[in-house]
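S.K.: Quick one: sequence and predicted model below, then my questions.
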Amino acid sequence: MKFPTVGRRLGASTAAATFVLTFGAASGGAGLAESAGTTLQRIQSSGVVVIGHRESSLPMSYVANGTPLGYSVDVCQQIAQALGRHLKLRETKVAYRLVTSSSRFDAIEKGEVDLECGSTTNTAARRERVAFTIAHFIASSRIVVQSDKPYSRIEDLDGKTLASTAGTTNIDSLAREAATKSVRVRIEPAKDHAEGFGWVVSGKVEGFAMDDVLLYGLRASHSRPQDLKVIGKPMTIEPYAVAFERNNPELKAVVDAELRRLIQTRELHRLYDKWFTQPIPPHGINLGMRMPHLLVDSLKYPSDYVPQ
């Protein structure tokens, strides 16, 4: 089991009281997060906050050199420390557990993770299963294709096979958009973002529909980014937020308060700049993405409200 340090990401004052444990999706350490009781009771008993992270949602939540990294992961590390302060823990430990688009909500409901920190959109249907805090990013769903193909909008893909990741809002929004515009497409579900993107690169499918920020991250990480392009008008607006146990007012109050603190002190803005306007590991790519206007506006009046 690997125990990577997080001092450079959390800062000296926080890192001094933090240990990081990494659990795979089927790790023998899973029992740590599965003990009986609510999220706060588990954390109080174990002294550990379990963060559910993603494998390839760069720059939101991904793995580099065996360590979970990303904008959402950094946000969750701050929330974990806030939970520890609320519970008056002498030290707050953080454990990581890999989740996928398909497994993330089950993991929360089963108590396997305390905070899901990936690229997860707050929707009415999902709020039937989990709670969400204030959005820390707003994306839109688009399509990546090979640059040498004559595609610039979804209508150009009539009769083609497209992919999207199973268990995401994007696979449903792609089907709706195609139906609305009378475009005939075959949709192939991918197990994760990396697989769907890889199918475009290999030519197995003509396009991969996903949130634009993830598409730009996948494109930037490719050996030849110029061979791929992101096309089409936004099909959806996707407010990303940290997910956790629902029907737990005390937990939600602590998580929401920490998000508001990050926004009001502009720490969230600094985290954004770190991951979107500066070189990031493992290859030092720079997405060069200024904060979207929708996110700038939403942070002026922090709220977890999302229209139905």
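M.R.: Nice, thanks for sending it over.
S.K.: From here on, just use CA atoms for contacts and neighbour counts.
M.R.: Noted.
S.K.: Return the residues in contact with Ser191.
M.R.: One correction, residue 191 is Lys, not Ser. Applying Cα atoms under 8 Å, 6 or more residues apart in numbering to Lys191 gives the contacts Thr165, Ala166.
S.K.: Show me what the residue lying closest to Pro292 once chain neighbours are set aside is bridged to.
M.R.: Leaving aside its chain neighbours, Pro292 sits nearest to Ile138 (7.5 Å; criterion: Cα to Cα, 6 or more residues apart in numbering). Counting by DSSP bridges, Ile138 is bridged to Pro239.
S.K.: Let me know whether Ile138 touches Tyr240 as I believe.
M.R.: Yes. In this structure, Ile138 is within contact of Tyr240 by Cα atoms under 8 Å, at 5.8 Å.
S.K.: and the gap between the closest residue in space to Asp114 that isn't next to it in sequence and Ala179?
M.R.: Nearest non-adjacent residue to Asp114, counting by Cα to Cα, 6+ apart: Val50, 5.1 Å away. Separation of Val50 from Ala179 (Cα to Cα, to the nearest Å): 40 Å.
S.K.: now swap in Thr168 and tell me
M.R.: 18 Å.
S.K.: which one of the two has more residues nearby?
M.R.: Thr168 (19 against 12; other Cα atoms under 10 Å).
S.K.: In contact with the more buried one, which residues are there?
M.R.: Thr168 neighbours (Cα under 8 Å, 6+ apart): Ser101, Ser102.
S.K.: And it, how far from Arg90?
M.R.: 38 Å.
S.K.: From Glu116, how far out is the residue nearest to Asp114?
M.R.: 9 Å.
S.K.: Over to Gly217?
M.R.: Counting by Cα to Cα, the gap from Gly217 to Glu116 is 20 Å.
S.K.: Between these two, which is the more surrounded one?
M.R.: Taking other Cα under 10 Å, Gly217 and Glu116 do not tie; Glu116 has more neighbours (30 against 20).
S.K.: where do the helices sit along this protein?
M.R.: 7-10, 12-15, 39-46, 71-86, 104-109, 169-180, 193-202, 212-221, 249-264, 267-276, 293-300 (DSSP state H).
S.K.: could those helices be laid out in a markdown table, adding distance to Pro282 and mean pLDDT?
M.R.: Converted to a markdown table, the helices of the chain look like this (distance: least, Cα to Cα, whole Å; pLDDT from 0 to 100):
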| stretch | distance to Pro282 | mean pLDDT |
| --- | --- | --- |
| helix 7-10 | 14 | 34 |
| helix 12-15 | 21 | 38 |
| helix 39-46 | 31 | 96 |
| helix 71-86 | 14 | 98 |
| helix 104-109 | 25 | 97 |
| helix 169-180 | 27 | 95 |
| helix 193-202 | 16 | 96 |
| helix 212-221 | 9 | 91 |
| helix 249-264 | 26 | 98 |
| helix 267-276 | 12 | 98 |
| helix 293-300 | 26 | 92 |
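S.K.: nearest to Ser147, of these?
M.R.: For Ser147, the closest of those is helix 193-202, at 10.3 Å, according to Cα to Cα.
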